[in-house]
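[1] Let's see this in three dimensions:
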Amino acid sequence: MDFKQLKSKTWFKIVSNKFVFVGLIFAVWMLFFDANSWLNHRELNQDKKELLKNKAYYLQEIENDKKILENLKDSIEIEKFARQQYYMKRPNEEIFIIEYADSLEN
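    Prediction:
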């Protein structure tokens, strides 16, 4: 196939048009090489989804902590919390912590 036959093809006429050629170069540049490229946007969207999941988790943790704080307004509950979480004890008191094999985390 020589050059004259190639020039007569319609797809060659479209691709060889300088406006189409510049447009294709521009599209490739914007999709892959620009600072605001499609690849960057995809990565930022993934980060956004992860941050939204973290936000939901921390909001749930805040709600749980608010419930715990509400329970700790009672002095008996404060003592119970201190004994369970921080292994505090009264003066002249012995504490023995018994851990069963099936309750230990691996």
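
[2] what's the distance between Lys73 and Lys67?
    The gap separating Lys73 from Lys67 is 11 Å, by C-beta to C-beta, to the nearest Å. For the C-beta atoms, the positions are set from N, CA and C on the backbone; glycine is no exception.

[3] Now do the helices in the protein.
    Using DSSP state H, the helices found in the chain span residues 3-7, 10-16, 18-28, 38-71, 75-86.

[4] Quick one: closest of the ones you listed to Ile98.
    helix 75-86 (13.4 Å; C-beta to C-beta).

[5] same for the closest one, what does it pack against?
    Helix 75-86 sits against helix 38-71, with contacts defined as 3 or more C-beta pairs under 8 Å, 6 or more residues apart in numbering; DSSP states H and E.

[6] what packs against the helix it packs on?
    Packing partners of helix 38-71 (3+ C-beta pairs under 8 Å, 6+ apart): helix 75-86.

[7] With just CA atoms, put the helix it packs on into CSV.
    C-alpha atoms of helix 75-86 as CSV (Å, rounded to 0.1, in the frame of the first residue of the first chain):
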residue,chain,number,x,y,z
SER,A,75,-18.9,6.5,92.4
ILE,A,76,-19.5,2.8,92.4
GLU,A,77,-19.1,2.6,88.7
ILE,A,78,-15.9,4.7,88.9
GLU,A,79,-14.5,2.2,91.4
LYS,A,80,-15.6,-0.8,89.2
PHE,A,81,-14.0,0.8,86.1
ALA,A,82,-10.7,1.6,87.9
ARG,A,83,-10.5,-2.0,89.2
GLN,A,84,-11.2,-3.6,85.9
GLN,A,85,-9.2,-1.4,83.6
TYR,A,86,-6.3,-0.2,85.7
